[in-house]
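Q: Below are the sequence and a predicted model for it; my questions follow.
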Amino acid sequence: LVTAGTQNFCQSTSPTFASIQLNESNIVWYTALTGGTLIPSTTALTSGSYYAAIKDATSLCESALRLEVAVIVTDPGTPSLVTAGTQNFCQSTLPTFASIQLNESNIVWYTALTGGTLIPSTTALTSGTYYAAIKDAT
């Protein structure tokens, strides 16, 4: 492993087995320490323990031992407004993105539904449509 211990991923980045960071190349993945099912590197990651072996590109032999890798894939959910619908603010109160009332904490704001630009919570609000996501603390 590049870093020892559990590897954490965000569901929103659509991680695959190829996303797991290891110091070696030619890694193959299995569902068990011995035997088990071969997992293609393009398979979407889910939380669990998986087992890595090195496969020699020339001889096609695999390492005798497999490395257990713990994976956590986190999806903190979708934000929800305290009151459904449009929220209205008075310009005289100098509202910011932090003024928007949501049921969750750790909210980050974007200019687009996917991709877009991150908007700091201290940015002054203007009329428009913005997109909130929950950022997991870990």
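A: Arrived safely, thanks for sending.
Q: the strands in this structure, which residues?
A: Remark: strands assigned in the chain by DSSP state E are 7-10, 27-30, 38-39, 48-54, 67-74, 107-110, 118-119, 131-134.
Q: Let me have the ones you listed in CSV, extended by mean neighbour count, mean pLDDT and distance to residue 16.
A: All C-beta atoms are positioned from the backbone trio N, CA, C, and that covers glycine. Formatted as CSV, the strands of the chain follow (neighbours: other Cβ atoms under 10 Å; pLDDT from 0 to 100; distance: least, Cβ to Cβ, whole Å):
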stretch, mean neighbour count, mean pLDDT, distance to residue 16
strand 7-10, 17, 90, 9
strand 27-30, 18, 95, 10
strand 38-39, 14, 96, 10
strand 48-54, 17, 93, 12
strand 67-74, 15, 92, 11
strand 107-110, 16, 92, 24
strand 118-119, 14, 95, 24
strand 131-134, 17, 89, 21
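Q: Tell me which of these lies nearest to residue 87.
A: strand 131-134 (11.5 Å; Cβ to Cβ).
Q: hmm, back to that, out of the strands of the chain, which is closest to residue 91?
A: Closest of the strands of the chain to residue 91 is strand 118-119, at 17.8 Å (criterion: Cβ to Cβ).
Q: The closest one: partners in the sheet, and parallel or antiparallel?
A: Within its sheet, strand 118-119 is paired with strand 107-110 (antiparallel), according to DSSP bridges.
Q: Centre of the chain to the partner strand, how far?
A: How far strand 107-110 lies from its chain's middle: 15 Å, per Cα atoms, centre = their mean, to the nearest Å.
Q: Provide the contact partners of that strand at residue level.
A: Contacts to strand 107-110, defined as Cβ atoms under 8 Å, 6 or more residues apart in numbering, come from residues 79, 97, 100, 116-121, 123, 130-135.
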